[in-house]
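Chemist: Give me coordinates for this.
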Amino acid sequence: MHLIKRVILWSFTCFCLSVNAATPEQKLRTLMDDYWEAELAASPLSASLFGATTNADKIDDLSDAAFEQRKARMDVALSALKTIPVAKLSESGRINYDAFEWILTKERRTLDFDWRYMTFDTLGGWQTRFPQILLAGSYKTETDYRNLLKRLAAFGKYADQNMSLMQRGMEAGYTQPCEVLAGYETSIAGYINEDPSKTVFYMPFNQLPDRLEESVKAELQQQAQEVIAAVVTPAYQKYLNFYSQQYLPSCRKNIALGSVPRGEKLYNHFVTYFTTLETDANTVHDLGLSEVARILEEMEKIAENTGFNGDVMALREFLRTDLQFYASDKEAYMRYVARITKNIDGVIPEFFALVPRNPYGLKEVPAQIEAKATTAYYQPGAVDGTRAGQYFVNTYDLPSRPLYELPALSLHEGVPGHHLQISIQQELEDMPNLRKTYYFHAFGEGWGLYSELIGEEMGIYRDDYERFGRLIYEMWRACRLVVDTGMHAKGWSRQQAIDYMLANSGLTEQNVIAEVDRYITYPGQALAYKLGELKIRDLRKRAEDALGDEFSVREFHKAILDQGSMPLTVLDAKIDRWIKAQL
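Modeler: Next up, the predicted model:
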């Protein structure tokens, strides 16, 4: 047995001996808390993103030794979990057990492949994640800033470790495809500036607390400029050179994940990982085709209602090109988003018995990544409520970003979508810390897509164009099932996927290209949305049929959300038990 694994096993053995008298519920909670504390200690950057203040001066270790320790942690935790008698757990304890078992099993399976060599995708990478976490931090004391200086000083080693993983990926055949990499270097070069005070890394030092003495402020700012100039900027320049001169010439010629070693097995794993269902690529592909056909029928009905003189394709082209549907500038675009979000806030209590305490804000997607970034994304707030959530909106190339899509987008990313669901999960009082922060993609993204649909009942869509915009977004997620599996399991080309999306989704070409490149570099994740939404819709219909006039949409939403995110199989069983309890 590996030495590291022996040491961890010994520590867990001691733990088990010390809590023999504990109840199964207590054993499970202690095991989950100990595991999560060890995971956060091993990833200080993730800990900071979740709002932890410990290890704020440190950065992640990507060495082989750290990688082996993580595998051993999962193996030992899974062995310890199997000693807990499931039948003696409460309702919430059983959900914790099932969710934890899924996490350990599926995350551990991912580590059996060489996926860690893929250190980036078209949404971003380690070079964008680091400044995002840095800027999301809370800096209030001199100690906070000195910890930040230490973290910046450690960035050089972190950059070298990432480039080393990429080098090994080049040798093992694990590189991103050539077709999707055009312009990606801007996500590296955008962080380079000869003047350290003009970089994003210096931004926290422009906001030093007034209570600090002027001499201390001057010292911190001077040290920040020195470490950025000596460590951070050279690391980004080194990465830019490495990427341009070595990685890019070694890029993969085939877009399918199956073209990398053991890639077919890895894609099959990702299908089950991201959907949290025991399904396969062929089944998902066929489901996508049937959903595309169903949504097209709904689109045709709305096209008739608008009185538009033409078919769905002609209406899509009209919506893509008519200037009345586009903002003239970024400020106007952001004001439009803000108005929608406030309208949504006003009707939330009518449909949701659970609402979070933590608010959320609106921000533009950072300029360094906007060209390759998706239309929008959500960044969770801190678990302890000290940092609000953020709804990031992409204002790049506004002629490709129609206003009629913004209601659906805002419902998905803000409330009742990601912000409401994730913030409720973070604020649940008796929830293990691991489950407050872990993200089951099919649950979270499925809820986001369901939130777009519930916007119809909430009265958020003001006209048929905005309703058509919602269907464009739903069609987009249905097309994902087809093109993701098509490219990675059925031999589709990138252009074939782009053509299919353009023909069916109604998205603009800029958005379609960005989305297809995302599916290529982030295989399987796009399958989570539709599978999750369809499961929640199925569960709601099941509840409505069983409860009839006694069905309450507020109570149903509470039942979905009141124990946090979980695998869809676990959610299915939970709602079945809830329906029986209502009866």
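Chemist: Could you use CA atoms for every contact and neighbour count after this?
Modeler: Fine.
Chemist: Backbone dihedrals for Tyr378, both of them.
Modeler: phi -120, psi 140 (degrees, to the nearest 10).
Chemist: Need the contact partners of stretch 292-311.
Modeler: For stretch 292-311, the surrounding residues in contact (C-alpha atoms under 8 Å, 6 or more residues apart in numbering) are Val312, Leu315, Asp464, Tyr465, Arg467, Phe468, Leu471, Glu474, Met475, Ala478, Cys479, Asn504.
Chemist: Can you give me the distance of the residue sitting furthest away from the middle of the chain to Ile228?
Modeler: Most distant residue from the mean C-alpha position of the chain: Ser215, 41.5 Å away (C-alpha atoms, centre = their mean). Distance, Ser215 to Ile228, using C-alpha to C-alpha, to the nearest Å: 20 Å.
Chemist: so the residue farthest from the centre of the chain is in which element?
Modeler: Using DSSP states H and E, Ser215 maps to helix 214-227.
Chemist: what helices or strands is the helix or strand following that helix leaning on?
Modeler: Scanning forward in sequence from helix 214-227 by DSSP H and E, the next helix or strand is helix 233-242. Contacting helix 233-242 under the criterion 3 or more C-alpha pairs under 8 Å, 6 or more residues apart in numbering; DSSP states H and E are the following elements: helix 155-172, helix 186-189.
Chemist: okay, the angle between the first one and helix 233-242?
Modeler: Right, the one you point to is helix 155-172. Counting by axes from the mean of the first three to the mean of the last three C-alpha atoms, to 10 degrees, helix 155-172 lies at 10 degrees to helix 233-242.
Chemist: now what about helix 155-172, what contacts it?
Modeler: By C-alpha under 8 Å, 6+ apart, helix 155-172 touches 59-63, 114, 116-119, 126, 175, 231-232, 235-236, 239, 242, 247, 250-251, 261.
Chemist: Those in helices, which ones?
Modeler: Mapping the contacts of helix 155-172 onto helices (DSSP state H) picks out Trp126, Ala235, Tyr236, Tyr239, Phe242.
Chemist: From Arg129, how far off is Ser48?
Modeler: 12 Å.
Chemist: So these two - more neighbours on which side?
Modeler: When neighbours are counted by other C-alpha atoms under 10 Å, Ser48 comes out ahead of the other of Ser48 and Arg129, with 22 against 14.
Chemist: now the helices for the stretch 201-350 of the chain?
Modeler: 214-227, 233-242, 263-275, 281-306, 312-321, 330-345, 348-351 (DSSP state H, counting those that start in this stretch).
Chemist: how about the closest residue to Leu453 other than its chain neighbours, secondary structure?
Modeler: Among residues not flanking Leu453 along the chain, Arg470 sits closest, at 7.7 Å (C-alpha to C-alpha, 6 or more residues apart in numbering). Secondary structure state of Arg470, per DSSP: H, G, I helix; E, B strand; the rest coil, is helix.
Chemist: List the residues that contact Arg470.
Modeler: Glu405, Pro407, Ala408, Glu452, Leu453.
Chemist: pLDDT weak spots in this protein?
Modeler: Applying pLDDT under 70 to the chain picks out residues 1-21, 372.
Chemist: Helices of the stretch 351-500 of the chain, residue ranges please.
Modeler: Counting by DSSP H, counting those that start in this stretch, the stretch 351-500 of the chain has helices at residues 406-413, 418-427, 433-437, 441-458, 464-489, 494-504.
Chemist: JSON lines for the ones you listed, including distance to Leu135?
Modeler: What follows is those, written out as JSON lines (distance: least, C-alpha to C-alpha, whole Å):
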{"stretch": "helix 406-413", "distance to Leu135": "20"}
{"stretch": "helix 418-427", "distance to Leu135": "19"}
{"stretch": "helix 433-437", "distance to Leu135": "19"}
{"stretch": "helix 441-458", "distance to Leu135": "24"}
{"stretch": "helix 464-489", "distance to Leu135": "30"}
{"stretch": "helix 494-504", "distance to Leu135": "34"}
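Chemist: Please identify which of those is closest to Glu544.
Modeler: Glu544 lies closest to helix 441-458 among those, at 14.9 Å (C-alpha to C-alpha).
Chemist: follow-up on the earlier one: now compare the contacts of stretch 292-311 and name the two farthest from each other.
Modeler: That would be Asp464 and Cys479, which, of those, are the farthest apart (C-alpha to C-alpha) at 21.7 Å.
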